[in-house]
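Asker: I would like to see how this sequence folds:
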Amino acid sequence: MKLSEAVGKRVENLLAERNMTQYQLYKNGGIPRSTISVTVSGKYKTLKLDTVYQICATLGISLKEFFDDELFNTLED
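Answerer: Now for the predicted structure:
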């Protein structure tokens, strides 16, 4: 799995855990809907750390908590 795919899957999983939609993440975090959509789909080749931080802040978790997931243990180059 590529990093962008892992980030997208992690966001998707966190939203599901919190019974949140991408729309709610957009409304609560001020993150552009298109950015959230492309992030969750894993289609970003590069993703700004600021965006990940903003997602984390909106979800009430730290960057450490975000990246402390098994998804990130099996990354491809």
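Asker: Give me the mean pLDDT for the helix ranked longest in the chain.
Answerer: Secondary structure of the chain per DSSP state H: the longest helix is helix 3-17. In this model, helix 3-17 has an average pLDDT of 94.
Asker: If you count contacts, what does it end up packed against?
Answerer: Using 3 or more C-beta pairs under 8 Å, 6 or more residues apart in numbering; DSSP states H and E, the elements in contact with helix 3-17 are helix 22-29, helix 33-41, helix 49-59. Heads up, the C-betas are built off the backbone N, CA and C, glycines and all.
Asker: Same list, those, but as a markdown table with distance to Ser4 and mean pLDDT please.
Answerer: Below are the helices and strands packed on helix 3-17 laid out as a markdown table (distance: least, C-beta to C-beta, whole Å; pLDDT from 0 to 100):
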| stretch | distance to Ser4 | mean pLDDT |
| --- | --- | --- |
| helix 22-29 | 16 | 94 |
| helix 33-41 | 8 | 91 |
| helix 49-59 | 11 | 94 |
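Asker: which one of the ones you listed lies closest to Leu3?
Answerer: For the helices and strands packed on helix 3-17, distance to Leu3 was read as C-beta to C-beta. The smallest value, 10.6 Å, belongs to helix 49-59.
Asker: Restrict that closest one to CA atoms and write it as PDB.
Answerer: Extracted C-alpha coordinates of helix 49-59, given in PDB (Å, rounded to 0.1, in the frame of the first residue of the first chain):
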ATOM      1  CA  LEU A  49       1.300  17.600   6.400                       C
ATOM      2  CA  ASP A  50      -0.800  20.700   7.200                       C
ATOM      3  CA  THR A  51      -3.800  19.000   5.700                       C
ATOM      4  CA  VAL A  52      -3.300  15.800   7.800                       C
ATOM      5  CA  TYR A  53      -2.800  18.000  10.900                       C
ATOM      6  CA  GLN A  54      -6.000  19.900  10.200                       C
ATOM      7  CA  ILE A  55      -7.900  16.600   9.800                       C
ATOM      8  CA  CYS A  56      -6.400  15.300  13.100                       C
ATOM      9  CA  ALA A  57      -7.300  18.500  14.900                       C
ATOM     10  CA  THR A  58     -10.900  18.300  13.600                       C
ATOM     11  CA  LEU A  59     -11.100  14.600  14.700                       C
END
